[in-house]
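Asker: Provided below are the primary sequence and the corresponding predicted coordinates.
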Amino acid sequence: MIRKYVFGNPVETEAVVMQLPVSRMEENDLIEMQYDGEQLRMACPMGELDQVFGLGEQVRGINKRGFSYVSYAADDPNHTENRHSLYGAHNFVILDGAKRFGVFVDDPSRVVFDAGETDYDRLEITAGPDCVVYLIEGDSLKDIVKQFRTLIGRSYVAPKWAFGYQQSRWGYRCEDDIRDVVKNHHGNGIPLDAVYLDIDYMDDYKDFTVSASGFPDFGGFVREMQEEHVHLVPIIDAGVKIEEGYSVYEEGVAGDYFCKDEDGENFVAAVWPGRVHFPDVLNADARKWFGDKYKVLIDQGIDGFWNDMNEPAIFYSDKRLQEAFDKIDSMKHENLNIHSFFHLKDALLSLSNSIEDYRSFYHNMDGRRVCHDKVHNIFGYNMTRAAAEAFERIAPQKRILMFSRSSYIGMHRYGGIWTGDNQSWWQQLLLSIQQMPSLGMCGFLYTGSDIGGFGSDVTEDLLLRWTEFGIFTPLMRNHSAIGTRDQEVYRFASRLQSFRNLIRIRYGLIPYLYSEYMKAVLDNELYFRPLAFDYPEDSHARRVEDQLMLGDSLMLAPVYTQNALGRYVYLPEDMLMIRMKSLEDRTYTEMKKGHHYIDVALDEVVVFLRRNRVLPLAVLSDEVLSTADLEGAKLEWIGYVPEQASYVLYADDGLSKEYPDKETWRTTTFSKDDFAKGSCITTADLERY
């Protein structure tokens, strides 16, 4: 059951697709609500064992209890435990205890979720004054998520090639850099489906341009890569450079498509190219104009994009930069003591992403003038929406890869996300593991983190362990920053075969991973789940923070600590442990419910197959170097079937938006006689992928 409450005069975010009647506050017996016209406060006591799930892209564990989280999209690459905001604003939480219910606060401005930091025994949410609240009751955690996902609409579907391995680095400047990446992957037998173009591919960091010196025949180069079954994925930033003669800038000025300052002039901020204007993507006309700009790259063969810097990130504004210069100049001849020195530092360090700047520009929301601060969290959402709506006009039958750095619930219908500029730290690998199910609860299924970490220098062992987890995330992309250690997997010569084996395991698993992803999308289910969702009566499972259920068949228990050659695992039921040194080198061990310590070599993947479940695998030849090469591959099945099992294998063409009806999904049934204990059978004569 879902109840809707409206406070003040809310901005229509279009996060929700269902029409519901408005309830009265007195009809709510789940959470205390207090509204004074200036602010909405909601509060609920929590019992000793109560847990808090959700909030999408946030720090800390799967259970969010004990800290406070602020929904206010932040350009911050240091995702440490003291951060309260990251790039996304995902205002959905579930309280699981004596009371079990979900809360979605549809408010595009600042919302605070105090999940027990102030008072460990109290959940308190602060929003308003203009917002809509949805309260969701259900029979189980899964049921609450399914209702919420139905409320907000179907999640984005990526093309099947986007489930292949992808390589990115800030610093690929020209065609030969990309050719070198492809050559070193394919030459070493490492599958690769995409290479990313970061800001260096542009002409002076201008959106929808291509550097003529780096890419003299861009369309021809795109076709060259397509012949290798490699997709190029360029970045698009939020800021449009202010430059006479630059057509996007001149069109934006002529059409009045940019955000305004208080005086009605085009707001000026600065990012990569220096001074920029921001397209007013909260305005329907501006959104259409900006979205149609993607066509210039689509016409050259591009079929994937990533939107960045769209919180929006601001390096500085003219006004505040001048204030900083004045401060520095006034202190030029001072004897700087502890106080004045830190004031000097703050004059520069506080320039970026200032709340003062966010309060100083405005949107025309189809006739309604709105301060950006009041709608900050939906800017990135609407930038991605602009692109997705344009794709429907430009290539209506074709899936185009699209994901974004900043997001809000509702954007999940238009694209996925990556978790932003993380670091090459072990803690960030654990954070990635814990973010995945929380993002799924909020509708974001096409997700992943920068494998190996974006900032800092990766180590060989961290990259191995991160790749071993990244095998299972829908977006599997190795990405790193300029100035850091090169972290393409072929750079690690002594472990080259290990990385090849790991990435080939990913390709062997694609029939399962893609099936489970599509079923989660089409049925409003979760791709990744905390153990608590599948084993709600198991007190041990409810407390596990570093294991995940994946789809119908698998449980994951990744290794995420330095120098560890194993880990403790809790099995909530009897399971089959599958060890994979490569796709072909597999061993099986039947394991009983309970606590176990398992050895996991540095180059080994270990997964757990549930009782009376099966796992389909593609049989790969050495010639498989992309998802295109999987077409028609033979399937084999790993089974743990003491009784009977069946598996529904979803398959489609991977490119169109025609999704087969459930009646056509292929179901394969097995009995215990089909499997010798701990072994697998090959059904090559029965099925091909």
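Answerer: Thanks, I have it.
Asker: quick one: the helices in the stretch 101-250 of the chain?
Answerer: 141-152, 175-186, 218-227, 247-255 (DSSP state H, counting those that start in this stretch).
Asker: quick one: closest of the ones you listed to H372.
Answerer: Among the helices of the stretch 101-250 of the chain, the nearest to H372 by Cβ to Cβ is helix 247-255 (16.8 Å). All C-beta atoms are positioned from the backbone trio N, CA, C, and that covers glycine.
Asker: most packed of the helices of the stretch 101-250 of the chain?
Answerer: Neighbour counts averaged per stretch over those are highest for helix 141-152, at a mean of 21; criterion: mean count of other Cβ atoms under 10 Å.
Asker: hmm, back to that, any chance of a markdown table for the helices of the stretch 101-250 of the chain, columns distance to C371 and mean pLDDT?
Answerer: Supplementary listing: the helices of the stretch 101-250 of the chain in a markdown table, determined by distance: least, Cβ to Cβ, whole Å; pLDDT from 0 to 100:
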| stretch | distance to C371 | mean pLDDT |
| --- | --- | --- |
| helix 141-152 | 26 | 98 |
| helix 175-186 | 42 | 98 |
| helix 218-227 | 39 | 98 |
| helix 247-255 | 21 | 98 |
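Asker: how about those in a markdown table, adding distance to V281?
Answerer: Listed next are those as a markdown table, based on distance: least, Cβ to Cβ, whole Å:
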| stretch | distance to V281 |
| --- | --- |
| helix 141-152 | 20 |
| helix 175-186 | 30 |
| helix 218-227 | 25 |
| helix 247-255 | 11 |
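Asker: what's the local residue count around D198?
Answerer: Using other Cβ atoms under 10 Å, D198 has 20 neighbouring residues.
Asker: give the contact list for the residue nearest to it when sequence neighbours are not counted.
Answerer: Distance criterion Cβ to Cβ, 6 or more residues apart in numbering; nearest residue to D198, sequence neighbours excluded, is W170 at 4.2 Å. Residues near W170 by Cβ atoms under 8 Å, 6 or more residues apart in numbering: D198, I199, D200, H479, S480, A481, I482.
Asker: M580 now?
Answerer: M580 makes contacts with I505, R586, E604, V605, V606, V607, as judged by Cβ under 8 Å, 6+ apart.
Asker: for it, give me phi and psi.
Answerer: Note on M580: its backbone torsions stand at phi -130, psi 110 [degrees, to the nearest 10].
Asker: what's the pLDDT at it?
Answerer: Reading off the confidence values, M580 has pLDDT 97.
Asker: what residues are bridge-paired with it?
Answerer: Bridge pairing for M580 (DSSP bridges) gives the partners R586, V605.
Asker: how far away is the residue nearest to D198 from F315?
Answerer: Here the criterion is Cβ to Cβ, to the nearest Å. By it, W170 lies 16 Å from F315.
Asker: what's stretch 256-267 in contact with?
Answerer: Judged by Cβ under 8 Å, 6+ apart, the contacts made with stretch 256-267 from elsewhere in the structure are 240, 251-253, 268, 277-280, 283, 285-286, 289-290, 317, 360-364, 372.
Asker: what do you get for stretch 433-442?
Answerer: In this structure, residues lying in contact with stretch 433-442 by Cβ under 8 Å, 6+ apart are 53-58, 60-62, 64, 90, 92, 94, 145, 148, 409, 412, 417, 419, 445, 447, 449, 469, 473, 520, 526-530, 533, 545-546, 548, 558, 560.
Asker: contacts only, for the nearest residue to D121 once chain neighbours are set aside.
Answerer: Spatially, and ignoring its direct neighbours in sequence, D121 is nearest to M46 (5.3 Å; Cβ to Cβ, 6+ apart). Each residue near M46 by Cβ under 8 Å, 6+ apart is listed here: V52, R65, L95, G97, G116, Y120, D121, R122, L123.
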